[in-house]
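**Q** A structural model of the following input is requested.
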Amino acid sequence: MTTFLLNNQTIQTPLPSGTTVLDFVRYHKHLVGTKIGCREGDCGACTILVGEIENGHLRYHSMTSCLMPLSNAQGKHIVTIEGLNMEELSPVQQAIVEEGGTQCGFCTVGFVVSLTGFTMHQPTHLTGFENLSGVSPAIAAIDGNICRCTGYKSLERAAAQIAQKTVDQPKENRLQWLVENHYLPHYFLTIRERFEALPDSTFSKKQNKGNGTFVGGGTDLFVQKPETMANASIKPIFDQKELNGIYEAGGHCHIGAAVTATDLQESPLMQSIFPKLRQHIKLVSSTPIRNMGTLGGNLVNASPIGDLTIFFLALDSSIVLNTNGNKRTLKLRHFYKGYKTLDKAPDEYIESIFFEIPKKTDHFHFEKVCKRTHLDIASVNTACLLKMDGETIQEAHISAGGVGPVPMYLERSSATMKGQKINADLIKKTGAVIQEEISPISDARGTEEYKRLLLRQLFFGCFLEMENNELRLGELV
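**A** Sure, this is the predicted structure:
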C-alpha cells in the first residue's frame, strides 16, 4: 500500500509500486490536466511538484511524473495543475496569459507548474535576467519544459514578470505569503501537519525484502523499460536516509548513492570543493530530471557518456557496494568491464561513492559538448584533475565519455603527466596518447573524426582555463 497526499486528498493505493505517477493521476484519479507527452522526461508536459520535509522545512521540487514510480511518491505531497487551480487565475497563470505565452495549451500546464515551483523557493540575488549562465533563475526553472506553438519570448517575458513580482518578497514564511497573494490555494498551509497524520505504511519495509529491481530516480529505467517496470517488484532506494548524505570524513568527501544532481549542486561542501560546480551541474539534463536522477543510478546505468560518471571518474573515486549488509569497496574505474557490463552482482547496489578532497592548489575541470548547449546527451564529455606540487603535476586523472564502449578512465594518458611540469610539449604529448587510448565510433552524435577532435580541444581547454596560465591555444596546435 502506497500512501501520500495528492493535491488536497490523502491517497492510499494498492497499485503496483512501478506504476508511474502520471498514469495514476490520469487513469485512476482522472486528473487529465497533467499531459502525456514524450514519456521520456524531455518535454515537461507531465510536470508535477513534489513536496516533502527537508531539514525541518517543507520544500517542493518540480519532477516529471512520467518517470516517477508510485514508490517514490510514498509519504510526499504530489501536486498536479488541478492542485494549483483556484477560482481566479494565479499571478503565474495571469502572467502567461498577459504575455501571450499559450496557444494550443498542451504545454501550458507544465510551464505553470514549473514557474509556481520557482516562486516557492526562489533563489537569492535575483535581478532581471542575470545569473551564472546569463539566464534568469526563473527561466532556468522552465528549462525542462518545451513549447511548440508560441516560441519562447512570450514565456521569457512571463517568467521575468513573475520574478519581478516575487524577488523582494520574504524568504521566511514564504508559503504563507504565496497563499495570501493567491499564488497557491489555501490548503497548502495544512500540508505540514497532514504529513504527520498520514497513516503508517509498510510499503518500504515490504519492498526492501526479497527479490526486486533497485530503483533510484528512475529517470532512465522507466525510459528503457516502461512496460516491464510498471509491474516489476521494486526495491526503492530514492528515499533511504542512509543513502542521501554528503559529508566529509578523513579528508574524503562521501556521497550517498541516492543523492540527486540537484543535491550535489546545492551542497555547501561540494560547492566549497568545486568553485565552478553550478556551471558544471547546469550542463547535466534539466531541472526536473536533476531533481530526480541519482548519482548511483548514473553510475549503474553505465552509459559511455554519463555526465556524473565522467565527473567522478576524474576524481579517482571509489564506490561502496552493498549486498544484504555485506560491503566491499571498488575503484570506480574498475567498475566497468565492457559495454553495460559491471563488476556487480544482481543483488548488489551502490551504497556510496567517495573521493579524496582536492587541495586548493589542485585543478579540476569538467566539460561536455552536445548538439544543444543544455539538456542534451553529450557528444563527448571529459574531466581532468591535476594534483599539483608547486609547478609539478603530482598526479593526473583524466576521464572521457563518448569515445569508447564504457565511461573511460584514461590510465595511460594520466600516467604520461605524472611528475611533469605543465608546458605545451607535455600537453601535446598527452593529447597524442589520448588519441591512442580512445576508440570512438561514428553515430548520431558525431563522426569518429569529430569526436577525436572534440576531445582533443576539450583536453586543451582544461589547461587554458587554469589560473596564472600563460599557455595560448596556438601553442597547442
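
**Q** other SSEs contacting the longest helix seen in the chain?
**A** Longest helix of the chain, by residue count under DSSP state H: helix 448-464. Packing partners of helix 448-464 (3 or more C-beta pairs under 8 Å, 6 or more residues apart in numbering; DSSP states H and E): strand 363-369, strand 380-389, helix 424-437, helix 473-476. The way it works is simple: take the backbone N, C-alpha and C, and place the C-beta from them, glycine included.

**Q** Now tabulate those in TSV and tack on distance to F463 and mean pLDDT.
**A** Formatted as TSV, the helices and strands packed on helix 448-464 follow (distance: least, C-beta to C-beta, whole Å; pLDDT from 0 to 100):
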stretch	distance to F463	mean pLDDT
strand 363-369	8	94
strand 380-389	9	96
helix 424-437	6	95
helix 473-476	8	60
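
**Q** now the residue nearest the centre of the chain, nearest residue through space, not along the chain?
**A** In the chain, the residue lying closest to the centroid (C-alpha atoms, centre = their mean) is R290, at 2.2 Å. Excluding the flanking residues, the one nearest R290 by C-beta to C-beta, 6 or more residues apart in numbering is A261, at 3.9 Å.

**Q** ok so, going back, in the longest helix of the chain, what counts as buried?
**A** Residues 451-452, 454-460, 462-463 are the ones in helix 448-464 that count as buried (16 or more other C-beta atoms under 10 Å).

**Q** which residues touch that helix?
**A** 363, 365, 367, 369, 379-382, 384, 386, 398, 400, 402-403, 422, 427, 430-431, 434-435, 438, 440-442, 445-446, 469, 471-473, 476 (C-beta atoms under 8 Å, 6 or more residues apart in numbering).

**Q** May I see the ChimeraX selection of the buried members of those?
**A** Those of those that count as buried under 16+ other C-beta under 10 Å are selected in ChimeraX with:
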select :363,365,367,369,379,380,381,382,384,386,398,400,402,403,422,427,430,431,434,435,438,440,445,446,476
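
**Q** mind listing the helices for the stretch 101-250 of the chain?
**A** With DSSP state H, counting those that start in this stretch as the criterion, the stretch 101-250 of the chain has helices at 108-120, 137-140, 153-166, 174-180, 191-196, 203-207, 221-224, 226-230.

**Q** Out of the ones you listed, point me to the one whose mean pLDDT is lowest.
**A** Ranked by mean pLDDT, the helices of the stretch 101-250 of the chain bottom out at helix 203-207, with a mean of 43.

**Q** got any ranges where the stretch 151-300 of the chain has weak pLDDT?
**A** Along the stretch 151-300 of the chain, segments meeting pLDDT under 70 span 200-211.

**Q** Once you drop chain neighbours, what's closest to F335?
**A** Distances taken as C-beta to C-beta, 6+ apart place D343 nearest to F335, at 5.5 Å, with adjacent residues excluded.

**Q** if I pick that neighbour, what's in contact with it?
**A** Neighbouring residues of D343 by C-beta under 8 Å, 6+ apart: 330, 334-337.

**Q** Return the distance of the residue nearest to the centre of the chain relative to V369.
**A** Here R290 is placed at a distance of 19 Å from V369 (C-beta to C-beta, to the nearest Å).

**Q** Equivalent analysis for L243, please.
**A** Separation of L243 from V369 (C-beta to C-beta) stands at 32 Å.

**Q** Also L295?
**A** Separation of L295 from V369 (C-beta to C-beta) stands at 22 Å.

**Q** Check I438 too.
**A** Taking C-beta to C-beta, one finds I438 at 15 Å from V369.

**Q** can you pull the contacts of M120?
**A** Counting by C-beta under 8 Å, 6+ apart, M120 touches 49, 59-60, 174-175, 178, 184.

**Q** Rebuild the residues you listed as TSV, extending it with distance to T392 and neighbour count.
**A** Converted to TSV, the contacts of M120 look like this (distance: C-beta to C-beta, whole Å; neighbours: other C-beta atoms under 10 Å):
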residue	distance to T392	neighbour count
L49	51	23
R59	46	13
Y60	49	25
R174	51	18
L175	54	20
L178	55	21
L184	57	25
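
**Q** and the closest residue in space to V113 that isn't next to it in sequence, what is it in contact with?
**A** In space, V113 comes closest to T47 once its chain neighbours are excluded; the distance is 4.5 Å by C-beta to C-beta, 6+ apart. Residues in contact with T47 (C-beta under 8 Å, 6+ apart) are 34, 62-65, 109-110, 113-114, 144-145, 288.

**Q** Output those in CSV; the columns should cover neighbour count and distance to S303.
**A** Putting the contacts of T47 into CSV (neighbours: other C-beta atoms under 10 Å; distance: C-beta to C-beta, whole Å) gives the following:
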residue, neighbour count, distance to S303
T34, 25, 28
S62, 29, 24
M63, 30, 21
T64, 31, 19
S65, 26, 23
V109, 26, 31
G110, 28, 26
V113, 30, 28
S114, 26, 26
G144, 24, 19
N145, 27, 24
P288, 34, 19
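
**Q** Tell me the one among those nearest to L189.
**A** V113 (19.3 Å; C-beta to C-beta).

**Q** what's around L67, how many residues?
**A** 27 (other C-beta atoms under 10 Å).

**Q** Look up how far S413 lies from it.
**A** Taking C-beta to C-beta, one finds L67 at 36 Å from S413.

**Q** Retrieve the pLDDT associated with the residue nearest to E52 when sequence neighbours are not counted.
**A** Once flanking residues are discounted, E52 sits nearest to K76: 4.8 Å by C-beta to C-beta, 6+ apart. On the pLDDT scale, K76 is placed at 96.

**Q** Next, count neighbours for K76.
**A** By other C-beta under 10 Å, the residues close to K76 number 24.

**Q** can you list the domain ranges for the protein.
**A** Split into domains by automatic domain parsing, the chain comes to 2-196, 236-356, 363-476.

**Q** just to revisit the earlier point, redo the helices and strands packed on helix 448-464 as TSV? Include distance to Q271.
**A** TSV is the format used below for those (distance: least, C-beta to C-beta, whole Å):
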stretch	distance to Q271
strand 363-369	13
strand 380-389	17
helix 424-437	29
helix 473-476	30
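
**Q** Mind checking those for the one nearest to F188?
**A** Ranking these by proximity to F188 (C-beta to C-beta) places strand 363-369 first, at 37.7 Å.

**Q** all helices of the stretch 301-450 of the chain, in order?
**A** 307-313, 411-417, 424-437, 448-464.

**Q** Please list all residues in contact with the residue nearest to G117 when sequence neighbours are not counted.
**A** The shortest distance from G117 to any residue other than its chain neighbours is 4.5 Å, reached at S62 (C-beta to C-beta, 6+ apart). Neighbour list for S62: 47-50, 113-114, 117, 141, 144, 287-288, 291 [criterion: C-beta under 8 Å, 6+ apart].

**Q** on that earlier part again, and the contacts of M120, which is closest to L313?
**A** Of all the contacts of M120, L313 sits closest to R59, with 31.0 Å by C-beta to C-beta.

**Q** so that closest one makes contact with H77?
**A** No - using C-beta atoms under 8 Å, R59 makes no contact with H77, being 10.3 Å away.

**Q** Nearest spatial neighbour of L22, chain-adjacent residues omitted?
**A** S65 (3.9 Å).
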